[in-house]
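>>> With the input below, show me the fold.
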Amino acid sequence: MKKLFLSTIFCIVSVATFAQDSTYKKLPEARTNVPLVIINSNIIGGLTELNPSLIQSINVYKGEKVPANLKNLGMYGVIAIETKQIVKTKSLQEIKAWFEVVGNVSFAIDGFFVTDESLMIATSDIAGINIISLPEKKGDMIINEMVINIKTRFAVEKKPGPQDVKRNPNDPPGTIYIR
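Reported below is the predicted structural model:
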């Protein structure tokens, strides 16, 4: 009986976890555990050039509280910052034109598909852009869907720095490590 109960609980947890994750349309290499940063309600990123003294407000949204136009991007939450500062941006259509991509294109930010194409991206926080062709089955035909995936600085893995050096617990305080 105990085994049946544990199996049932495991199935419910598995289905709940799968259902929660399946609500987000994303690429296999989507960012993990990094919240989305939104400046002035429509700019993705922008933290690298933000002046802290010009910040008016900061709000954090998770789960059902994430604004509807950011739902798919906000799997790990949204940090919304309102500021007086002007942030240099590019629209998603400008990025499409920049790469001379024609036809229907889907956009993704750090692997999560964008549902609101009026969003802008802060140019200072673009770490890379990939153009991906995804096969999609429509009826009996397979059509390649073009996806422009914009990687932000927050989703790129950081390189190890001095703070990541393994310390020897037997070394006296003040020991300096040189790489």
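>>> who's in contact with the one residue sitting closest to the centre of the chain?
Residue closest to the mean C-alpha point of the chain, counted by Cα atoms, centre = their mean, is Asp110 at 4.2 Å. By Cβ atoms under 8 Å, 6 or more residues apart in numbering, Asp110 lies in contact with Ala30, Arg31, Val34, Asn149, Ile150, Lys151, Thr152, Phe154, Ala155. The way it works is simple: take the backbone N, C-alpha and C, and place the C-beta from them, glycine included.
>>> Of those residues, which belong to strands?
Asn149, Ile150, Lys151, Thr152 (DSSP state E).
>>> Heading C-terminal from the helix or strand bottoming out on mean pLDDT in the chain, find the next helix or strand.
Each helix and strand of the chain was given a mean pLDDT (mean pLDDT, DSSP states H and E); the minimum falls on helix 2-22 at a mean of 36. Proceeding N to C from helix 2-22, the next assigned helix or strand is strand 36-39, under DSSP states H and E.
>>> and that next one, what other elements does it pack with?
Here strand 36-39 touches strand 43-44, strand 78-83, going by 3 or more Cβ pairs under 8 Å, 6 or more residues apart in numbering; DSSP states H and E.
>>> related to what we said a few turns ago, just the buried residues out of the contacts of Asp110, in ChimeraX syntax.
To isolate the buried members of the contacts of Asp110 in ChimeraX, using 16 or more other Cβ atoms under 10 Å:
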select :30,31,149,150,151,152,154,155
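>>> can you list the contacts of Asp110 in JSON lines and add pLDDT and distance to Val101?
As requested, the contacts of Asp110 are arranged in JSON lines below (pLDDT from 0 to 100; distance: Cβ to Cβ, whole Å):
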{"residue": "Ala30", "pLDDT": "84", "distance to Val101": "21"}
{"residue": "Arg31", "pLDDT": "82", "distance to Val101": "23"}
{"residue": "Val34", "pLDDT": "85", "distance to Val101": "26"}
{"residue": "Asn149", "pLDDT": "92", "distance to Val101": "12"}
{"residue": "Ile150", "pLDDT": "92", "distance to Val101": "13"}
{"residue": "Lys151", "pLDDT": "91", "distance to Val101": "17"}
{"residue": "Thr152", "pLDDT": "89", "distance to Val101": "20"}
{"residue": "Phe154", "pLDDT": "75", "distance to Val101": "24"}
{"residue": "Ala155", "pLDDT": "70", "distance to Val101": "22"}
